[in-house]
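Asks: any chance you can model this:
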Amino acid sequence: MTVSPNQPTASAMSELDRLCANAIRVLAIDAVQQANSGHPGLPLGMADTAYVLWTRFLKHNPHDPAWPNRDRFVLSAGHGSMLLYALLHLTGYDLPLDEIKRFRQWGAHTPGHPEYHYTAGVETTTGPLGQGVGNGVGMALAERYLAARFNRPGFPLVDHYTYVLCSDGDLMEGISHEACSLAGHLKLGKLIFLYDSNNISLVGPTSLAFSEDVGKRFQAYNWQVLEADAHNMAAVAQALAEAQADTARPSLIICHSHIGYGSPKQGTHKAHGEALGVDAVKQTKENLGWPLEPAFYVPGQVYEHMQIATEVGPQRQAEWQALFDRYRAALPDMASAGIRCTPKRCQMIGVACCQVLRPTLRVLPHAPPPARRLTPWRKRYPRCSVAQPIFILPTTPI
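Replies: I've put the predicted structure just below:
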């Protein structure tokens, strides 16, 4: 039975909050329906959670998506891309409504799965399930590495969180085990996962192929494990605050959601990977208390409220820029030339490895030193010298 979002809940959700979350939902189902292709279930189910994160916790600047000290948001469940596109559009990124209307069309900046360097505000390409989980761990590791390398007392130059929205499918993938085990081992306390736990997969319930206790699994990885009702904004906000407070462990927030929330297909696999259908879209809008026409309708007060990020973001970036300027004045050697490391001799595992890594590190100057995993073998092979810049001034494109 469909739960109507108009019915009272235990959440401390204002009418404006509800309106904004429902705007995310409606943009998603209208876009998927117009394309007659896509995944409406995740945006419908995780709109409340994502709204709380993006408006109350995420540190970002829609006017400068490449601001170095922004928080990172990774939609590992990339099939639910309309959730991200709706958020980017509503919070003021360079993603106009016309691009939302062109979802999944050739040449549009709203492809079926998010693509890095193609859509403003997309942090990484997420196609295969599990990929964003690994990317998120890598981003959190990069934050820790750069902070250890460049932060000094009174100068928290590198200080941001990485948030990953992942699905059941992501956590079924083997890469999630390896990456999350490493994150727990390294105590990446600024890594926060929002797990969309809706118990539904593409063809039926997740119980067809997935029965492990995810919470206990992550506890074994040395993660903090929290739970929240994905449709209770107050509970989500409390869980996010607790996750931020634990700086010694990464956090997994198990968000218990209803896939396809508010639609007649709520809680079924038919809400997962196909357009709802004209009649179901109409019924969903009725359940949400939303005007049936025009399609892609967003009330002005939603834009006014959610685009506060276009004011707060530049202020936060200006504060960080002032910190960076003081850092550069106090530590000119660290800050000069884009804060580049001097050439250093790096141990390699062979001539071929050396030949590949040298040009790679020139193209990817922010990469950390190569791993020395095969320690007993490394003395057999030649060493190579690699100039390795790993941080870039904010005036230089990242």
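Asks: report how many residues lie close to the nearest residue to Asn199 once chain neighbours are set aside.
Replies: Excluding its sequence neighbours, the residue lying closest to Asn199 (Cβ to Cβ, 6 or more residues apart in numbering) is Thr206, at 5.2 Å. In short, each C-beta sits where N, CA and C put it, glycine included. Counted with other Cβ atoms under 10 Å, the neighbours of Thr206 add up to 18.
Asks: what does Gly267 give?
Replies: Neighbour count of Gly267, defined by other Cβ under 10 Å: 21.
Asks: if I pick it, what's in contact with it?
Replies: 2, 198, 200, 258-260 (Cβ atoms under 8 Å, 6 or more residues apart in numbering).
Asks: okay, and it sits in which element?
Replies: Following DSSP states H and E, one finds Gly267 outside all helices and strands.
Asks: quick one: it and Lys187, what's the gap?
Replies: Using Cβ to Cβ, to the nearest Å, one gets 37 Å for the distance from Gly267 to Lys187.
Asks: now do Gly112
Replies: Per Cβ to Cβ, Gly112 is found 36 Å from Lys187.
Asks: who has more neighbours out of the two?
Replies: Set side by side, Gly112 and Lys187 show more neighbours around Gly112, with 18 against 15, by other Cβ under 10 Å.
Asks: how far off centre is stretch 242-249?
Replies: Distance, stretch centre to chain centre, for stretch 242-249: 18 Å (Cα atoms, centre = their mean, to the nearest Å).
Asks: and stretch 304-311, by the same measure?
Replies: With Cα atoms, centre = their mean, you get 19 Å for stretch 304-311.
Asks: please renumber so the chain begins at 58
Replies: Yep, numbering from 58; the last one is stretch 361-368 now.
Asks: alpha carbons only: can I get that stretch in PDB?
Replies: Extracted in PDB, the C-alpha atoms of stretch 361-368 (Å, rounded to 0.1, in the frame of the first residue of the first chain):
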ATOM      1  CA  GLU A 361      14.500  30.900  -3.500                       C
ATOM      2  CA  HIS A 362      15.100  28.600  -0.500                       C
ATOM      3  CA  MET A 363      17.400  26.000  -2.200                       C
ATOM      4  CA  GLN A 364      19.500  28.500  -4.000                       C
ATOM      5  CA  ILE A 365      20.700  30.000  -0.700                       C
ATOM      6  CA  ALA A 366      23.800  27.900  -1.500                       C
ATOM      7  CA  THR A 367      24.600  30.500  -4.200                       C
ATOM      8  CA  GLU A 368      25.000  33.000  -1.300                       C
END
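Asks: buried ones in it, by neighbour count?
Replies: Judged by neighbour count (16 or more other Cβ atoms under 10 Å), stretch 361-368 contains these buried residues: 362-364, 366.
Asks: quick one: the strands in the stretch 258-407 of the chain?
Replies: Listed in chain order, the strands of the stretch 258-407 of the chain (DSSP state E, counting those that start in this stretch) span 281-286, 308-313, 401-403.
Asks: hmm, I typed the wrong one, I wanted the stretch 108-257 of the chain.
Replies: 129-132, 219-224, 248-254.
Asks: any chance of these in TSV, plus mean pLDDT, distance to Val194 and mean neighbour count?
Replies: What follows is those, written out as TSV (pLDDT from 0 to 100; distance: least, Cβ to Cβ, whole Å; neighbours: other Cβ atoms under 10 Å):
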stretch	mean pLDDT	distance to Val194	mean neighbour count
strand 129-132	98	10	26
strand 219-224	98	8	28
strand 248-254	98	7	27
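Asks: and those as CSV, adding distance to Ile81?
Replies: Listed next are these as CSV, based on distance: least, Cβ to Cβ, whole Å:
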stretch, distance to Ile81
strand 129-132, 13
strand 219-224, 13
strand 248-254, 14
